[in-house]
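Chemist: Sequence below, structure please.
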Amino acid sequence: MLTMGRAGRSLFLFLLAAVAGVAAYFASRAWLAPEPPQLTTASALVPAVIPERRPEVTLADRDGKPRSLSEWNGKPQVINFWATWCAPCRRELPMLNALAADPDFAGFALIGIAVDFREDVLTFLKSTPIRYPVLIGEQDGLDAARAFGMESLGLPFTAFVDATGRIVTIHVGELHREQADSILSVVRSLDAGEIDMKSAQAKIRAEIPKIG
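Modeler: Have a look, this model is predicted:
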């Protein structure tokens, strides 16, 4: 039986995501919603239909225990999709660790979703600790990304969800601290009833720093 090493398996998963994304691009053009929630990075690989509400996703955590995103219902959420083979994903991990440890972030939930082979993620975590919950999925990780409307898997991407479970915005590409802080400030205002969703998304489009 033919077997693949870790690098080969990671390349296979990457190519699978890329092929699926190209196919989905042509399939999706005819049914895109006219005004989906705003992507905060212009470099999104394809147009996406972002659901109004956070989808229900259940994946195994690093201990193999099934965990559902509904576990964090009632809190605004930052949901980061990443992979061990993704260089910008690895670059943003220290910032996400710092964000998770920041007392000002205490009211939010930060969850990582690794779209990767489980054993590769567990090996990676031995040398690069992640100080927030990490859920892991291979094909089911790809399915989770699609459930968020990302028909072409450009990693990393980060969904910002308000306390009622609505997707406020999705940032495609490496997330920087000033961008995260700006988006979270808008989410706080939304949850406090100071602005409505339309105003929140307009504020994000107009004011979130563009980096790189």
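
Chemist: where do the helices sit along the chain?
Modeler: 6-28, 87-101, 118-127, 139-147, 177-191, 197-207 (DSSP state H).

Chemist: helices or strands next to the second one in the packing?
Modeler: Applying 3 or more Cβ pairs under 8 Å, 6 or more residues apart in numbering; DSSP states H and E, one finds that helix 87-101 makes contact with strand 77-82, strand 109-115, helix 177-191. Using the backbone N, CA and C atoms, a C-beta is placed for each residue, glycine as well.

Chemist: follow-up on the earlier one: and of the helices of the chain, who's closest to Val161?
Modeler: Proximity to Val161 (Cβ to Cβ) singles out helix 177-191 among the helices of the chain, at 8.1 Å.

Chemist: contacts for that closest one?
Modeler: Residues outside helix 177-191 that contact it (Cβ atoms under 8 Å, 6 or more residues apart in numbering) are 40, 76, 78, 95, 98-99, 105, 108, 158, 160, 162-164, 168-169, 171, 195-197, 200, 203-204, 207-209, 211.

Chemist: Strand 77-82 and that helix, what's the angle between them?
Modeler: Interaxial angle, helix 177-191 versus strand 77-82 (axes from the mean of the first three to the mean of the last three Cα atoms, to 10 degrees): 150 degrees.

Chemist: Now helix 177-191: buried residues?
Modeler: Arg177, Gln179, Ala180, Ser182, Ile183, Leu184, Val186, Val187, Arg188, Leu190, Asp191 (16 or more other Cβ atoms under 10 Å).

Chemist: Identify the bridge partners of the nearest residue to Val161 once chain neighbours are set aside.
Modeler: In this structure, Val161 finds its nearest non-sequential neighbour in Gln77, 4.1 Å apart by Cβ to Cβ, 6 or more residues apart in numbering. Judged by DSSP bridges, the bridge partners of Gln77 are Ala109, Val161.

Chemist: Around Gln77, how many other residues sit close by?
Modeler: By other Cβ atoms under 10 Å, 22 other residues sit near Gln77.

Chemist: go on, Val172?
Modeler: Val172: 21 surrounding residues under other Cβ under 10 Å.

Chemist: and what of Arg205?
Modeler: 12.

Chemist: Tell me the spacing between it and Leu190.
Modeler: 14 Å (Cβ to Cβ, to the nearest Å).

Chemist: Output the below-cut-off pLDDT ranges for this protein.
Modeler: Scanning the chain for pLDDT under 70 picks out the ranges 1-48, 212.

Chemist: before we move on, the earlier item: what sits against the residue nearest to Val161?
Modeler: Contacts for Gln77 (Cβ under 8 Å, 6+ apart) come out as Arg54, Leu69, Phe108, Ala109, Leu110, Ile111, Ala159, Phe160, Val161.
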